[in-house]
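S.K.: kindly generate the corresponding structure for this input.
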Amino acid sequence: MQRFFRSVATITFVSILACVPTFLSSQSASAEQRMKGSYVGAGVSVDSGGASPTVNGRFDLDSFSIRATVTGACESGVCATLFIPTVTYDFGLSEKANIYAGIGGSVFTLSDSSFSVSLGTGAVLQAGAEGAITKDIVIYGDGTYFTNGGGTLLKVGVGYKW
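M.R.: From the prediction side, this is the model:
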């Protein structure tokens, strides 16, 4: 239980940090205002095993979004890949910022030149924040909690919005 509360606190902290630049530049928000648009981005993810590059995407569906994360690393010819698709509800803070929360799944695989094996799937909870710093550039940060005891993955990045 203590691990769960630590994960929730970490997710909240990352979400707040991601929104600070947007809060400082945004005007008053209403329920109808929110950052619209889909994006693809690159960043870094951090978990108990260290930091890894990550590719993220958001497909905007009005108040909901479909998000995907792919992250992984290779060592000694063996590559580990984590794929996390989620569906989130986007809470608009302004025309330039959202916070979001949702659920999804995860797939973890290991591979080398001769084999590939799935090491499991699981459910995830995700919460984060995103803000447009220009018309086309977005910054984002979120935390993903693995409900099967896999820990927490934190990520931050920069995306190109269309």
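S.K.: ok, residues contacting stretch 130-140?
M.R.: Around stretch 130-140, the neighbours that count as contacts under CB atoms under 8 Å, 6 or more residues apart in numbering are 18-19, 21-22, 35, 39, 41, 43, 56, 58, 96-98, 100, 128-129, 141, 156-162. Every C-beta, even on glycine, is put in place using the N, C-alpha and C of the backbone.
S.K.: least trustworthy helix or strand in the chain by mean pLDDT?
M.R.: Comparing every helix and strand of the chain by mean pLDDT, DSSP states H and E singles out helix 2-25 as the least confident one, with a mean of 51.
S.K.: downstream of that helix, the next helix or strand is which one?
M.R.: The first helix or strand that comes after helix 2-25 along the chain, using DSSP states H and E, is strand 39-47.
S.K.: which helices and strands does that following strand pack with?
M.R.: Here strand 39-47 is seen to pack against strand 50-61, strand 137-146, strand 151-161 when contacts are counted using 3 or more CB pairs under 8 Å, 6 or more residues apart in numbering; DSSP states H and E.
S.K.: got the angle between the second one and strand 39-47?
M.R.: Spelled out, that is strand 137-146. Angle between the axes of strand 137-146 and strand 39-47 is 40 degrees (criterion: axes from the mean of the first three to the mean of the last three CA atoms, to 10 degrees).
S.K.: give the buried residues for strand 137-146.
M.R.: Within strand 137-146, the residues that qualify as buried are V138, I139, Y140, G141, D142, G143, T144, Y145, F146, counting by 16 or more other CB atoms under 10 Å.
S.K.: fine by me, thanks again.
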